[in-house]
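*Asks:* Fold the following, please.
(one chain, ligands or ions: 1)
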Amino acid sequence: MVKVELVRGDITEAPVDAVVNAANSSLLGGGGVDGAIHRAGGPEILDACRDLRASRYGRGLPTGQAVATTAGRLPARWVIHTVGPVWSRTEDRSDLLVSCYRNSLAVADELGARTVAFPAISAGVYRWPIEDAARIAVETVKVTSTEVAEVTFVLFDDRAYEAFAATVS
Ligand code: APR
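*Replies:* Residues are numbered from 1 along each chain as shown. Coordinates of the predicted model:
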């Protein structure tokens with residue numbers, strides 16, 4: 001059973017083996033977590049992402065999937081990039097958000113990562129309601145069999161932290 005922790009802060013500072021990035025399909029950077037990770041991690045991460053675009057992911061990383069790169073200058077060893085679904089009022093995309101957490105843990109297992117930090121995937125620019133984003137995140141991590149010993153959700157604001165705290169309790 002994986003141990004779940006909550007931290008209020010900036011995921012780029014997380015002292016874990018792997019940090020999960022809320023990326024977009026291009027893998028070429030963006031705002032929010034994506035921007036912060038590339039800014040703090042440095043150009044090595046983008047170089048590795050460009051290599052992925054030139055090989056395995058010529059058409060970009062599909063929503064729900066996950067792939068690892070170096071973490072550059074971050075305290076972590078790896079960044080696991082995953083693409084969350086954009087929230088939709090008319091279409092239930094929960095399965096894709098579940099896949100982000102499940103596939104990120106599978107990639108962590110392939111790496112041999114024992115500690116992993118997740119942001120609240122899709123709960124920013126992609127407008128997923130934070131309460132539901134927290135429910136899906138915590139439930140998926142709890143039911144996914146993985147070698148990862150500890151998952152830390154790093155929440156960037158009080159509202160997100162409260163939503164996750166209400167879910168784990
Ligand atoms: N550390 C931890 N959490 C953060 C950080 C940070 N440094 N910066 C932002 N967050 C939080 C946001 O407050 C939100 O709760 O991460 C959550 C996810 O927000 P986004 O980063 O906007 O990610 P997402 O909603 O999945 O949208 C992805 O945004 O940045 C672009 O390139 C990215 O196109 C992609 C889209």
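
*Asks:* Would you check how far apart the most far-flung residue of the chain relative to its centre and S99 are?
*Replies:* The C-alpha centroid of the chain is most remote from T90, which lies 24.4 Å away (C-alpha atoms, centre = their mean). Separation of T90 from S99 (C-beta to C-beta, to the nearest Å): 20 Å. Backbone N, C-alpha and C define where each C-beta goes, glycine included.

*Asks:* repeat for D10
*Replies:* The value you get for D10 to S99, if C-beta to C-beta is used, is 25 Å.

*Asks:* Show me which of the two is the more surrounded one.
*Replies:* Shown here are D10 and S99; by other C-beta atoms under 10 Å, S99 has more neighbours (22 against 14).

*Asks:* The more buried one is in contact with V83, isn't it?
*Replies:* No. Counting by C-beta atoms under 8 Å, V83 is not a contact partner of S99; they are 9.7 Å apart.

*Asks:* Find the residues that touch each one of those two.
*Replies:* Residues touching both S99 and V83 by C-beta atoms under 8 Å, 6 or more residues apart in numbering: 64-65.

*Asks:* State the helix or strand in which the residue nearest the centre of the chain lies.
*Replies:* The centre of the chain sits closest to V20, judged by C-alpha atoms, centre = their mean, with a distance of 3.3 Å. Per DSSP states H and E, V20 falls inside strand 18-23.

*Asks:* what's the answer for E139, then?
*Replies:* Assigned by DSSP H and E, E139 falls in helix 130-143.

*Asks:* From the chain's centroid, how far away is that helix?
*Replies:* In terms of C-alpha atoms, centre = their mean, to the nearest Å, the centre of helix 130-143 is found 12 Å from the chain centre.

*Asks:* go on, stretch 147-159?
*Replies:* 10 Å.

*Asks:* List the contacts of S25.
*Replies:* With C-beta under 8 Å, 6+ apart, S25 has these contacts: 60-63, 83.

*Asks:* if you set the cut-off to 10 Å instead, what comes out?
*Replies:* S25 sits next to 53, 57, 59-63, 65, 81, 83 when contact means C-beta atoms under 10 Å, 6 or more residues apart in numbering.

*Asks:* now do P15
*Replies:* Applying C-beta under 10 Å, 6+ apart, the residues contacting P15 are 74-76, 115, 117, 152.

*Asks:* Can you give me the distance of it to the ligand?
*Replies:* From P15 across to the ligand, the span is 14 Å (C-beta to the nearest ligand atom, to the nearest Å).
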